[in-house]
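> Structure for this input, please:
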Amino acid sequence: MKIIVDAFGGDNAPHEVIKGCARAVKELGVEIVLTGSREKIESCAKELDVSLDGISIIHTDEVFDIHEEPVQIIKSGKNTSMGVGLKLLHDGGGDAFVSAGSTGALVVGATMTVKRIKGIKRVALAPIIPADKGSFILMDAGANTDCRPEMLLQFAIMGSAYMEKVMGIKNPRVALVNIGAEETKGRDLEIETYKLLKESSLNFCGNVEARDIPNGDYQVVVTDGYTGNVLLKLYEGMGKFFSRKLKGILSGINGKISALLVLRKIKAFKKQMDYSEVGGSLMMGSCKPVIKAHGSADSNANAFYNAIRQAKKCIDEKVIDEISLSISENSGKEKA
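This next block holds a predicted model:
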């Protein structure tokens, strides 16, 4: 199995990328193809004292600027580390692609270079998010700000297939984000989508209000990309807010003594909320696995390792085939 990785995507590239890849080769038994400057990758590996055994390099000097318009990835960005990796995946040079670079560019590349699964209308950004009773997949988290009801139905189908095959949740519960639980609530988009989901073979459980999402009663949460991105950013912001508050509460002598008594539970909670444990967001609907790894300033080698692990699991569990089959089975439920 060969995983292509953009060596220069993310704030801490290539150092953390290389460390995550080296660990993946050792622990997961995968081959890694890094795209980027050969000289810089080899120099960084030497500096880190990390072996490049099991890792090959496709050289390119260019890096896609996160401030560039996403569509440039298929124009002036073809020779960047991301553009080369996407083309390599399309041409069969690997089984999956991982990058922590521009999310918008990755969406465009997954759609226009790698191509979509037959019958899929739009590629969706699909992060796995922690909740009280486990995790859920958010479909869509920002790739498509304007959606039609049939797109949301496809998001639900793809999300259900992923949660069942990759996350091991049998018959996942699907919910539609809305401003109320009643079937008649929401805009035309939500009202019409509700009808399609109700008629589908999915385990659709109705509408869910934003305040109830963190309970974790649903494993697939469906909405348009605009609403989904707002939910995702608010979720991330509240997580950081509670983390800061917890540190404040546990500071000082009394706080530190109290922390010792609940240290195990604090560590378990921290791990549950740690994005690096999940890996990244799958570009759902691409005909080959494309993973958006976390590339923020606090991302680490563990995040890249888990993104590669996520890609491997997608391949092992034949997620793309399962999504294709699910779309085919439910095609009669979609509007033309």
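> only C-alpha atoms for contact and neighbour calcs from this point on.
OK.
> tally of neighbours for the closest residue to residue 255 other than its chain neighbours?
Leaving out its chain neighbours, the residue that sits closest to residue 255 by CA to CA, 6 or more residues apart in numbering is residue 249, at 6.3 Å. The number of residues packed near residue 249 is 14, by other CA atoms under 10 Å.
> The chain should start at 43 in everything you say after this.
Yes, from this point I'll number from 43; that puts the last item at residue 291.
> For the protein, which residue occupies the most central location?
Nearest to the geometric centre of the chain sits residue 323, at 0.3 Å (CA atoms, centre = their mean).
> any idea how far stretch 170-182 is from the chain center?
Remark: stretch 170-182 is offset 11 Å from the chain centroid, using CA atoms, centre = their mean, to the nearest Å.
> One more: stretch 218-227?
26 Å.
> Which of the residues in it are classified as buried?
Buried residues in stretch 218-227, counted by 16 or more other CA atoms under 10 Å: 218-220.
> sorry, back to before: how close does the residue nearest to the centre of the chain get to residue 63?
Per CA to CA, to the nearest Å, residue 323 is found 18 Å from residue 63.
> Check residue 198 too.
Using CA to CA, residue 198 is found at 32 Å from residue 63.
> One more: residue 196?
Taken as CA to CA, the span from residue 196 to residue 63 is 33 Å.
> The two: which is more packed in?
Legend: neighbour count by other CA under 10 Å for residue 196 and residue 63, higher for residue 63 (32 against 28).
> Next, that one: secondary structure please.
Under DSSP: H, G, I helix; E, B strand; the rest coil, the three-state class of residue 63 is helix.
> Mind giving me the packing neighbours of the helix or strand residue 172 falls within?
In this assignment (DSSP states H and E), residue 172 forms part of strand 170-173. Applying 3 or more CA pairs under 8 Å, 6 or more residues apart in numbering; DSSP states H and E, one finds that strand 170-173 makes contact with strand 176-181.
> other SSEs contacting whatever helix or strand comes next after the strand it packs on?
Proceeding N to C from strand 176-181, the next assigned helix or strand is helix 191-207, under DSSP H and E. Helix 191-207 makes packing contacts with strand 176-181, helix 230-241, strand 262-264, strand 322-326, helix 361-372 when contacts are defined by 3+ CA pairs under 8 Å, 6+ apart.
> So which of the ones you listed is the most surrounded?
Sort the helices and strands packed on helix 191-207 by mean neighbour count, taking mean count of other CA atoms under 10 Å, and strand 262-264 sits at the top with a mean of 28.
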